[in-house]
Structure formats: structure tokens, C-alpha cells
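just coords:
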């Protein structure tokens, strides 16, 4: 895996994790539920992460946008499943497992199909 692809995945992961807490923190902590306007400030670092994820994916995939979009989608599905399981107790059932496998398949197709 090249450096640009690793950075793509890391930046997408950061964006998705911040987004997960921004949107779902209200179900865990009352402070999040009571301060939605302050949580809007999460949009600044989230945007930063998405901008750099797109930049590095464009580089990693020879100036193509679609592969990076699908990698971002897959990273989002995987991180959402893990965080929802950890923080909300929603286990990973058969449907989620199949979705995770499909997400991994999307990434593998984008990375290895030349």
C-alpha cells in the first residue's frame, strides 16, 4: 500500500469518527444533546479531514475521484459498525457482517483492480 492510500484511509477514518460522535453523541452524553450548536463546530475539523482524504485519494488513484469515494464509503461503514457496537451496544449481526464484507470488497476492487 502506498503512502497516499494510507493517508487517504487515515483521513477518512478521522472524518468518520468525528462525524459519528457529532451525530450520535447525543444518545450517550446529555451535554451533546443539550449543545447542538456547539457541536456544529465539529464541521471544521471534519471538513479538513475530508478535504485531505480526497486530495490523497486523488493522488493514490491516479487522479480519479470514484475510487476514493468508494474507499471513503467503506471506511465509513466499518467505523460506524465498530463504534455503534462499542458505544451503543448494537451488536454486529448477519446483515451488518455482510455489509462489512461488501465494503471490504469495494476497497479491494479499487485498490487491486488496475
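Alright, I've got the coordinates. The shown structure was predicted, so the numbers you read here are calculated from the model rather than taken from an experiment. Numbers count the residues shown, from 1 in each chain.

C-terminal to the helix or strand where residue 74 lies, what's the next element?
Element membership for residue 74, per DSSP states H and E: helix 66-88. Per DSSP H and E, the first helix or strand lying C-terminal to helix 66-88 is helix 94-112.

outside of that following helix, which residues touch it?
Helix 94-112 is contacted from outside by 1, 5, 61, 67, 70-71, 73-75, 77-78, 81, 92, using CB atoms under 8 Å, 6 or more residues apart in numbering. To be clear about C-beta, it is placed using only N, CA and C from the backbone, and glycine gets the same treatment.

got it, and stretch 36-48?
By CB under 8 Å, 6+ apart, the list of residues contacting stretch 36-48 reads 14, 15, 18, 19, 21, 22, 25, 26, 32.

For the residue nearest in space to the middle of the chain, give me its contacts.
Nearest residue to the geometric centre of the chain (CA atoms, centre = their mean): residue 76, 2.9 Å. Neighbouring residues of residue 76 by CB under 8 Å, 6+ apart: 12, 16.

Tell me the confidence at the residue lying farthest from the centre of the chain?
Relative to the C-alpha centroid of the chain, counting by CA atoms, centre = their mean, residue 34 is the outermost residue, at 25.2 Å. pLDDT for residue 34: 97.
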